[in-house]
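Asks: pasting the sequence and the predicted model now:
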Amino acid sequence: MPEVVLKANDLVKHYPVKAGVLRRTVGQVKAVDGVSFELYKGETLGIVGESGCGKSTLGRLLMRLEEPTAGTVEFEGQDWTAASGRTMRKLRRDIQIVFQDPYTSLNPRMTVADIIGEPFEIHPDVVPKGGRRARVQELLELVGLNPEHINRYPHQFSGGQRQRIGIARGIALNPKVLICDEPVSALDVSVQAQVVNLMEKLQDELGLAYVFIAHDLSVVRHISDRVGVMYLGKLAEIGEEDEVYSRPTHPYTQALLSAVPVPDPTLRGKRDQIVLQGDVPSPANPPSGCRFHTRCWKAQDVCKTDEPQLELRADGTGEHPSACHFAEPRQVVETTDVSGLAPDTRFATPDVADVGDENPAGTGVTEDERRLDDTTTESDHLR
Ligand SMILES: Nc1ncnc2c1ncn2[C@@H]1O[C@H](COP(=O)(O)OP(=O)(O)OP(=O)(O)O)[C@@H](O)[C@H]1O
Ligand code: SF4
Ligand SMILES: [Mg+2]
């Protein structure tokens with residue numbers, strides 16, 4: 001049995017909806033509404049789903065940037081949601097996060113040395129003071145950046161390079177789990193490939209487990225060992241990458257796969273087109289029974305009243321968990337098994353090391369200058 005490093009037990013996060021002059025609570029946005037899964041040591045679990053389905057909220061709960069309304073997160077068997085004091089500080093080292101936007105997640109007023117070295121200020125026992133600069137340089141080298149650029153500011157780097165800085169910061173404390181919330185979504189496709197390759201290299205070298213959150217099914221397939229599909233705050237289906245992509249049994253997964261753009265060589269071929277009816281319902285008022293019934297072409301009366309459980313269901317070859325009363329496998333796209341391939345052969349751009357368009361002079365960066373005015377960055381929340 002693989003070793004479980006992180007476990008979500010029926011995680012729930014409801015945000016109050018306030019209205020009127022008195023700001024009374026008039027409802028709840030059910031952002032995450034009962035999510036359970038296990039993350040194994042050294043694996044990548046991809047989480048996919050449409051915008052607003054609760055992926056980032058789930059990431060923040062796992063990282064304990066927010067407290068759950070109900071449910072728990074266990075790290076190596078220890079209840080992380082109940083931890084405080086020293087235990088909490090220790091667990092904070094073991095679970096780190098990489099954010100989506102390499103522009104807003106790095107403080108523009110700090111040098112690379114300060115950004116990557118900041119976790120050492122919070123956890124001084126990890127690297128003694130005298131050794132921190134050398135450790136930052138080592139980390140820069142590990143993520144394919146030039147260690148001599150240690151005194152530069154974020155605006156002197158390209159987007160891909162900034163995300164490497166974000167990753168270096170994320171791994172600075174030798175965590176066991178890295179939560180990655182859309183880590184490559186803001187990057188050009190060729191740069192995405194380099195960053196994904198870098199992440200796979202680091203995983204092999206450091207034995208990290210990733211929760212890789214993204215809405216891009218192709219990127220998730222490239223990097224994930226297992227994939228969870230979210231719809232309106234719940235997991236619709238979860239399984240090995242091949243089970244979910246080649247033998248999806250949940251109609252929502254099948255619809256998502258049918259919408260994948262096809263320049264991806266691993267998903268090329270004949271494709272069923274499934275066009276979903278209607279919009280995603282509001283998470284403040286999710287449909288009864290199966291949340292997908294308002295858009296599902298297979299829906300029957302039972303779907304409106306009885307909520308299907310996420311449990312093992314036959315997929316034609318074996319079985320994997322799916323939350324559908326009428327689960328049955330349907331190959332939507334012809335897929336090639338990429339799990340045995342080396343990461344760099346899955347992408348057009350093989351480089352793990354940085355080949356980005358750096359911007360040494362920091363000129364012509366009006367966008368960055370605008371961002372220099374933003375003093376709060378996402379990473380500030382981690383302090
Ligand atoms: N702090 C908050 N207060 C109130 N509602 C929130 C808050 N954070 C998220 N939500 C709501 O919870 C739901 C899930 O949001 P979340 O950001 O987790 O989605 P997501 O899957 O990450 O979407 P995206 O793909 O666009 O990043 C959304 O309806 C969102 O509006
Ligand atoms: S339970 Fe019913 S509505 Fe839900 S996905 Fe399955 S068939 Fe569709
Ligand atoms: Mg998000």
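Replies: The structure has been received and is ready for your questions. Ligands and ions are numbered 1, 2, ... in the order given.
Asks: for the residue of the stretch 201-350 of the chain found nearest ligand 1, which three-state class applies?
Replies: Closest residue of the stretch 201-350 of the chain to ligand 1, Cβ to the nearest ligand atom: residue 283 (4.6 Å). For every residue, glycine as well, the C-beta is placed using N, CA and C. The three-state assignment at residue 283 reads coil, by DSSP: H, G, I helix; E, B strand; the rest coil.
Asks: ok, now residue 81?
Replies: With three-state DSSP as the criterion, residue 81 reads coil.
Asks: so which residue is dead centre in the chain?
Replies: Nearest to the mean C-alpha position of the chain, by Cα atoms, centre = their mean, lies residue 213 at 2.0 Å.
Asks: contacts for stretch 288-299, please.
Replies: 231-234, 236, 250-252, 255, 274, 276-278, 280-281, 287, 302-308, 323-326 (Cβ atoms under 8 Å, 6 or more residues apart in numbering).
Asks: after the helix or strand hosting residue 29, which helix or strand is next?
Replies: Applying DSSP states H and E as the criterion places residue 29 in strand 24-40. Note on strand 24-40: by DSSP H and E, the next helix or strand toward the C-terminus is strand 44-48.
Asks: find the closest residue to ligand 2 in the stretch 51-200 of the chain.
Replies: residue 53 (14.6 Å).
Asks: for residue 50, which non-adjacent residue is spatially closest?
Replies: residue 280 (5.8 Å; Cβ to Cβ, 6 or more residues apart in numbering).
Asks: repeat that for residue 196.
Replies: Nearest to residue 196 is residue 223, by Cβ to Cβ, 6+ apart, at 5.5 Å.
Asks: distance of that neighbour from residue 214?
Replies: 9 Å (Cβ to Cβ, to the nearest Å).
Asks: identify the contacts common to these two.
Replies: residue 46.
Asks: got the residues of the protein near ligand 2?
Replies: When proximity is defined as Cβ under 6 Å from any ligand atom, the chain approaches ligand 2 at 250-251, 290, 292-293, 296, 298-299, 303, 308, 324-326.
Asks: all strands for the chain, in order.
Replies: Assignment of strands within the chain using DSSP state E yields the ranges 4-19, 24-40, 44-48, 70-75, 78-79, 95-98, 177-181, 209-213, 226-231, 234-240, 311-314, 319-322.
Asks: how about the ones you listed in a markdown table, adding mean pLDDT and distance to ligand 1?
Replies: Output for the strands of the chain, formatted as a markdown table (pLDDT from 0 to 100; distance: least, Cβ to the nearest ligand atom, whole Å):
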| stretch | mean pLDDT | distance to ligand 1 |
| --- | --- | --- |
| strand 4-19 | 95 | 3 |
| strand 24-40 | 94 | 3 |
| strand 44-48 | 96 | 9 |
| strand 70-75 | 96 | 15 |
| strand 78-79 | 90 | 23 |
| strand 95-98 | 92 | 13 |
| strand 177-181 | 94 | 7 |
| strand 209-213 | 96 | 7 |
| strand 226-231 | 97 | 7 |
| strand 234-240 | 97 | 12 |
| strand 311-314 | 97 | 24 |
| strand 319-322 | 98 | 20 |
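Asks: how long is stretch 209-222 end to end?
Replies: Length of stretch 209-222, first residue to last, Cα to Cα, to the nearest Å: 15 Å.
Asks: check contacts around the residue of the stretch 1-150 of the chain found nearest ligand 2.
Replies: Per Cβ to the nearest ligand atom, residue 49 is where the stretch 1-150 of the chain lies closest to ligand 2, at 14.1 Å. In this structure, residue 49 makes contact with 55, 215, 229, 230, 231, 256, judged by Cβ under 8 Å, 6+ apart.
Asks: cool, residue 311 as well?
Replies: Applying Cβ under 8 Å, 6+ apart, the residues contacting residue 311 are 321, 322, 323.
Asks: just the closest of those to residue 1, please.
Replies: Of all the contacts of residue 311, residue 321 has the smallest distance to residue 1: 16.6 Å, by Cβ to Cβ.
Asks: got the residues of this protein near ligand 1?
Replies: 15, 29, 31, 49, 51-57, 215, 283.
Asks: of those residues, which pair is most distant in space?
Replies: 15 and 215 (20.5 Å).
Asks: what is the burial count for whatever residue of the stretch 101-250 of the chain ends up closest to ligand 2?
Replies: Distance from ligand 2 to each residue of the stretch 101-250 of the chain (Cβ to the nearest ligand atom) is smallest for residue 250, at 5.9 Å. Number of residues near residue 250 (other Cβ atoms under 10 Å) recorded here: 29.
Asks: so where's the chain shaky on pLDDT?
Replies: Judged by pLDDT under 70, the chain has its weakly predicted residues at 261-272, 334-383.
Asks: the helices in it, which residues?
Replies: Per DSSP state H, the chain carries helices over the ranges 55-63, 85-94, 112-122, 132-142, 159-171, 189-206, 217-223, 241-246, 251-258, 301-305, 343-346, 366-372.
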